[in-house]
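**Q** Generate coordinates for the sequence data below:
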Amino acid sequence: MKEHFYTYYMILWGLLCLIAFVLMVWFRKTLDLFRKPYWVGLIQGWKIVTFLLAIMGIVIIAPYTGDPTWDYVDAAFMSVFAFTTAPWVVGTWYQTIRGQRYFYHAFIACCIWMFSASWSYDLYLVIRDGYYPVTWFSNIFASSVLYISAGLFWSLEQIEGRGVIFSFMDPCWPSVKRTGKFAKVFWYALPFVILIIAIMVPFLL
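**A** Residues are numbered from 1 along each chain as shown. Sure, this is the predicted structure:
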């Protein structure tokens, strides 16, 4: 019974990913994920440094967490997915709610979120172990908290005339005028760092 469920579930999310991919190709000119301003905002000194620290920390501790589904490989690719896509995903959700993006933008963002935080993990473990991971459901929640927190963390900016905000709150996002460095956003970023550490520590105890 479970085997049938997992088969149907993989077919379902596989179809959703295929639809999202087709939409991404078809509407690629309207997606900020493929535009230079998004990547200019992402590839800043403090964001690159914090990403490198985060991925090194997560990859190093992965084999020592006591979770057999977590290894160097999935720790690495899920970290990369979070850094490269999570700021766009949370920004797209926010602006869709405010009527500044189309529904298909939000649909693509949801599929990218689920693939980054869950489905890629499931697929890797099916390939590695030969069966669907029993942790697939709990992983959705744990990884999503980390993913969304990462998206908010790497969306922090000091915007000209507005102070420190999430960059997607600016109507011109992702083409915003940044004025600050990490020192300016440190106290705003600290709660996200504490949250991520608090989630990770129990796995090491």
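**Q** now for the one helix or strand in the chain whose mean pLDDT sits lowest, which elements pack on it?
**A** Each helix and strand of the chain was given a mean pLDDT (mean pLDDT, DSSP states H and E); the minimum falls on helix 182-204 at a mean of 80. Helix 182-204 sits against helix 45-61, helix 136-153, strand 156-159, strand 163-166, with contacts defined as 3 or more CB pairs under 8 Å, 6 or more residues apart in numbering; DSSP states H and E. Heads up, the C-betas are built off the backbone N, CA and C, glycines and all.
**Q** Mean neighbour count, these: which tops it?
**A** strand 156-159 (a mean of 22; mean count of other CB atoms under 10 Å).
**Q** okay, the helices and strands packed on helix 182-204 in TSV with distance to Trp187 and mean pLDDT next?
**A** Shown next, in TSV, are the helices and strands packed on helix 182-204 (distance: least, CB to CB, whole Å; pLDDT from 0 to 100):
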stretch	distance to Trp187	mean pLDDT
helix 45-61	14	92
helix 136-153	13	95
strand 156-159	10	91
strand 163-166	9	92
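**Q** Quick one: closest of these to Asp32.
**A** helix 136-153 (13.4 Å; CB to CB).
**Q** by how many degrees do that closest one and helix 45-61 diverge?
**A** 160 degrees (axes from the mean of the first three to the mean of the last three CA atoms, to 10 degrees).
**Q** gap between helix 136-153 and the chain center?
**A** Distance, stretch centre to chain centre, for helix 136-153: 8 Å (CA atoms, centre = their mean, to the nearest Å).
**Q** what's that helix packed up against?
**A** Counting by 3+ CB pairs under 8 Å, 6+ apart, helix 136-153 packs on helix 72-97, helix 103-114, helix 120-129, helix 182-204.
**Q** okay if I get those helices as TSV plus mean neighbour count and distance to Ile159?
**A** Shown next, in TSV, are those (neighbours: other CB atoms under 10 Å; distance: least, CB to CB, whole Å):
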stretch	mean neighbour count	distance to Ile159
helix 72-97	20	13
helix 103-114	19	22
helix 120-129	17	32
helix 182-204	13	10
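**Q** how many other residues sit next to the nearest residue to Ala75 once chain neighbours are set aside?
**A** Distances taken as CB to CB, 6 or more residues apart in numbering put Ala62 closest to Ala75, at 3.9 Å, once the chain neighbours are dropped. Residues lying near Ala62 (other CB atoms under 10 Å) number 20.
**Q** mind listing what Ala62 touches?
**A** By CB atoms under 8 Å, 6 or more residues apart in numbering, Ala62 lies in contact with 70-72, 74-75.
**Q** same thing but at 10 Å, please
**A** Contacts for Ala62 (CB atoms under 10 Å, 6 or more residues apart in numbering) come out as 69-76, 78-79, 203.
**Q** so which of those would you say is closest to Leu18?
**A** Looking across the contacts of Ala62 and measuring by CB to CB, the closest to Leu18 is Met78, at 21.0 Å.
**Q** doesn't Leu123 make contact with that closest one?
**A** No. Using CB atoms under 10 Å, Met78 is not in contact with Leu123, being 11.6 Å away.
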